[in-house]
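>>> Got a predicted structure here, sequence first:
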Amino acid sequence: MKKTLWKVALTLGVTAIGAGVTADACSDLIVGPKASTDGSIFISYAADSHTLYGALYHWPAATWTAGAMLDVTEWDTGLYSGKITQVGHTYNVVGNMNEKQVAITESTWGGCDVCQKTEGLMDYGSLIYIALQRSASAREAIKVMTGLVDTYGYKSSGESFTIADKNEVWIMEMIGKGAGEKGAVWVAIRIPDNAISGHANQARIQKIPFNDKENCMYSPDVVDFARKKGLYKGTDADFSFQKAYNPYDFSGLRGCEARVWAFFNRFADGMDKYLPLVMGYEPDAEPMPLYVIPNRKLSLADVQNMMRDHYEDTPMDMTKDPGAGPYKVPYRWRPMNFEVDGQTYVNERAIATQQTGFVLVAQLRKDLPDYVGGILWFGADDADMTLFKPMYASMTRVPWSFSEENGSMTKFSWTSAFWMHNWVANMAYGKYSYMIQDIRKEQQRIEGQWHSMRPVVEKQAIEIAKTQGEAAAVEFLTNYSCNIADQSTADWKKLGEYLMVKYIDGNIKLEKNGRFVEENGLVVFPAQPGYSEQYYRQVAEGDNVEHLKVPATK
């Protein structure tokens, strides 16, 4: 534990931390209904990718004729995979939630070499979005996803899925059977109502409670297949899904499991004992549990703010290592590891990261009608500097600011939420410790308004449903969500303009009563804070500084 926190000892024989963190590197947090302050189930998701445009997807509910077929397109690549049989009716889907308050998210972990290149048609993204169109509960979604894999095969690598509805939440882990075989092996565990859990690009399910049919589902060959491939030799009772199919290495611990630890550590007691494990120093130590009981109940804001985490106040705090620079920037550009004089070093990989396409917190509530109970608190770009906007899962269209037609990764748009949040964030990277204070103020003000308005909006929607019908209530919520998204995107553009004016050229313009101070029509001389004492000391104690020293006066 005395090692320099960002140094990777070569004697560990580890792979580079970035090697297993691909465009599918995502973070998922889970809060059961008895672990939340209001009885909601919360699941969160950051779709982290250097090439994903952060848009809100939509599939309207539909009725299909007998014999209809569905084209399957791989989510990551956009390539056509093939056709599958369509079902008679599909549900309305907004992003990663449907009108029945079913929500599904994921994180990719790859897994053992012998399980790669499985022959099949279904990729993990298609499983998610097709299951959402076809499922009225979490258990049904699990059956749909595993049934599709059995029928059409699986073409992705190892994957963890969070699968939730308004009553319960599950983690399902799945991996293909490798070249020459069809399908996948998998296990699904229900998370207790009073617990919190999560996954982040590392398989997490250990021993399987085979006899607990109410809270555990699994493929019949989940253990036998591991034996067949030489991945396991013991008894069924001692079998660990994680150890067989995705053994720990430094990358899986420091770059992945550490993110789950950060969540557990924030809200549960006794997590210090797992720190040597997740930092990669003791990979053979006791694994973290799949879930823990929090020391207090979590609110919506707690989950949203946890998605903004950079390991603050832990030994991996990204604002405090040398890479943070003079403005305590908790971001590191890729690649995630580097070598100097034969020594490999690593940059941390936190929950909040710059390459996020979109981020969400799904809120599921059994005490409300489905059309108003499910909310996808959705944001574009990095969770740290985005707004979680309330998108009701019953809405029948998406806001223009979140539309796939409004901008792209190669086409900038001033009305795109993705581009406005990226614009502000990229300004803040240069002077983070200052600008994040202005950004936090706006986040808290705007998100606070939405949180306080929610009961009023929902009461009005329920009244509309009683007097005018559910369709009218859905249209009301659709208009509300679209207006929220488009207006706040315009507000974020104004924030960017404000930050540009306030911090131009390293200065800080003075303010009074919400206005920049002027005298006689001219701006007063700005503050010039320079850098922190810590930074100046680093400069003074560094190499090649003799020419910077001011000679002593005689």
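In hand now; what should we look at? Residues are numbered from 1 along each chain as shown.

>>> Show me where the stretch 1-150 of the chain has its helices.
124-134, 138-152 (DSSP state H, counting those that start in this stretch).

>>> Just say which of those helices is most tucked in.
The highest average neighbour count among these, using mean count of other CB atoms under 10 Å, belongs to helix 124-134 at a mean of 23. Where C-beta positions appear, they are placed from N, C-alpha and C, glycine not excepted.

>>> Centre of the chain to that helix, how far?
A distance of 18 Å separates the centroid of the chain from that of helix 124-134, by CA atoms, centre = their mean, to the nearest Å.

>>> For that helix, the averaged confidence score.
In this model, helix 124-134 has an average pLDDT of 98.

>>> thought Leu253 was touching Val278?
Yes - with contact defined as CB atoms under 8 Å, Leu253 reaches Val278; the gap is 5.5 Å.

>>> Between these two, tell me which one has more neighbours.
Per other CB atoms under 10 Å, whichever of Leu253 and Val278 has more neighbours is Val278, with 29 against 26.

>>> wait, isn't that one in contact with Glu257?
Yes - using CB under 8 Å, Val278 makes contact with Glu257 at a distance of 5.1 Å.

>>> Please tell me how far the closest residue in space to Gly180 that isn't next to it in sequence sits from Cys112.
Ranked by CB to CB, 6 or more residues apart in numbering and with sequence neighbours excluded, the top spatial neighbour of Gly180 is Glu119, at 7.0 Å. Taking CB to CB, to the nearest Å as the measure, Glu119 falls 17 Å from Cys112.

>>> And the two? Which one has more around it.
Neighbour comparison, Glu119 and Cys112: the larger count goes to Cys112, with 19 against 15 (by other CB under 10 Å).

>>> number of nearby residues for the spatially closest residue to the more buried one that is not a sequence neighbour?
For Cys112, ignoring the flanking residues on the chain, the nearest one in space by CB to CB, 6+ apart is Tyr245 at 5.6 Å. Neighbour count for Tyr245, taken as other CB under 10 Å: 28.

>>> so what's the backbone phi/psi at Tyr245?
phi -100, psi -20 (degrees, to the nearest 10).

>>> ok, now the one 5 residues further on?
Geometry field for Phe250 lists phi and psi as phi -60, psi -40, criterion degrees, to the nearest 10.

>>> do Glu511 as well
Here is the backbone geometry of Glu511 (degrees, to the nearest 10): phi -130, psi 150.

>>> And for the one helix or strand Asn426 maps to, what's in contact with it?
Using DSSP states H and E, the element containing Asn426 is helix 417-428. Here helix 417-428 makes contact (CB atoms under 8 Å, 6 or more residues apart in numbering) with 53-55, 354, 357-358, 379-382, 384-387, 389, 399, 401-402, 407, 412-414, 435-436, 439, 485, 488-489, 492-493, 495-496, 499-500, 503.

>>> For the closest residue to Ser240 other than its chain neighbours, list the residues it contacts.
The spatial neighbour of Ser240 that comes closest, neighbours along the chain excluded (CB to CB, 6+ apart), is Gln206 at 4.6 Å. Applying CB under 8 Å, 6+ apart to Gln206 gives the contacts 240-243, 287, 290.

>>> Tell me the one among the residues you listed nearest to Lys554.
Checking these against Lys554 by CB to CB gives Pro287 as the nearest, at 66.9 Å.

>>> about what we covered before: tell me the residues that contact both of Val278 and Glu257, please.
Met288.

>>> So which bits of stretch 273-283 are buried?
Within stretch 273-283, the residues that qualify as buried are 274-275, 277-281, 283, counting by 16 or more other CB atoms under 10 Å.

>>> and if you look at stretch 286-293?
Quick answer for stretch 286-293 (16+ other CB under 10 Å): 287-288, 290-292.

>>> Keep only those of those that are in strands.
If you go by DSSP state E, the buried residues of stretch 286-293 have 291-292 in strands.

>>> and which of the buried residues of stretch 286-293 is nearest to Ser137?
If you rank the buried residues of stretch 286-293 by distance to Ser137 using CB to CB, Tyr291 comes first, at 20.4 Å.

>>> and that closest one, what does it touch?
Contact analysis of Tyr291 by CB under 8 Å, 6+ apart lists 30, 191-192, 195-197.

>>> try 10 Å this time
Contact analysis of Tyr291 by CB atoms under 10 Å, 6 or more residues apart in numbering lists 30, 32, 35, 169, 171, 189-192, 194-198, 204, 264, 268.

>>> buried subset of the contacts of helix 417-428?
Counted by 16+ other CB under 10 Å, these give 53-55, 354, 357-358, 379-382, 384-387, 389, 399, 401-402, 407, 413, 435-436, 439, 485, 488-489, 492-493, 495-496, 499, 503 as buried.

>>> Out of the residues you listed, name the ones that lie in helices.
Counted as lying in helices by DSSP state H, out of those, are 435-436, 439, 485, 488-489, 492-493, 495-496, 499, 503.

>>> how about JSON lines for these, with distance to Asn98 and pLDDT added?
JSON lines is the format used below for those (distance: CB to CB, whole Å; pLDDT from 0 to 100):
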{"residue": "Met435", "distance to Asn98": "37", "pLDDT": "97"}
{"residue": "Ile436", "distance to Asn98": "35", "pLDDT": "98"}
{"residue": "Ile439", "distance to Asn98": "32", "pLDDT": "98"}
{"residue": "Ala485", "distance to Asn98": "19", "pLDDT": "98"}
{"residue": "Ser488", "distance to Asn98": "24", "pLDDT": "98"}
{"residue": "Thr489", "distance to Asn98": "25", "pLDDT": "98"}
{"residue": "Trp492", "distance to Asn98": "28", "pLDDT": "98"}
{"residue": "Lys493", "distance to Asn98": "32", "pLDDT": "98"}
{"residue": "Leu495", "distance to Asn98": "33", "pLDDT": "98"}
{"residue": "Gly496", "distance to Asn98": "34", "pLDDT": "98"}
{"residue": "Leu499", "distance to Asn98": "38", "pLDDT": "98"}
{"residue": "Tyr503", "distance to Asn98": "43", "pLDDT": "97"}
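
>>> how close does the residue of the chain positioned farthest from its centre get to Leu548?
Here the chain reaches farthest from its C-alpha mean at Lys554, the gap being 60.6 Å by CA atoms, centre = their mean. Using CB to CB, we find Lys554 at a distance of 20 Å from Leu548.

>>> got it, and Leu368?
On the measure of CB to CB, Leu368 and Leu548 end up 64 Å apart.

>>> more crowded one of those two?
Leu368 (17 against 9).

>>> The more buried one and Glu458 touch, don't they?
Yes - between Leu368 and Glu458 there is a contact under CB atoms under 10 Å: 7.0 Å.

>>> Mind listing the shared neighbours of these two?
Ile375.

>>> Can you find the helix or strand in this structure with the smallest mean pLDDT?
Within the chain, no helix or strand scores below strand 7-8, which has a mean of 38 by mean pLDDT, DSSP states H and E.

>>> got the residue ranges for the strands in the stretch 1-150 of the chain?
7-8, 27-31, 41-48, 58-59, 62-63, 69-73, 80-85, 89-90, 93-94, 97-98, 103-110 (DSSP state E, counting those that start in this stretch).

>>> Looking at those, spot the one closest to Val340.
Among the strands of the stretch 1-150 of the chain, strand 7-8 comes nearest to Val340, with 10.0 Å by CB to CB.

>>> now the contacts of Tyr291: which count as buried?
Neighbour counting by 16+ other CB under 10 Å classes 30, 32, 35, 169, 171, 189-192, 195-198, 204, 264, 268 among the contacts of Tyr291 as buried.
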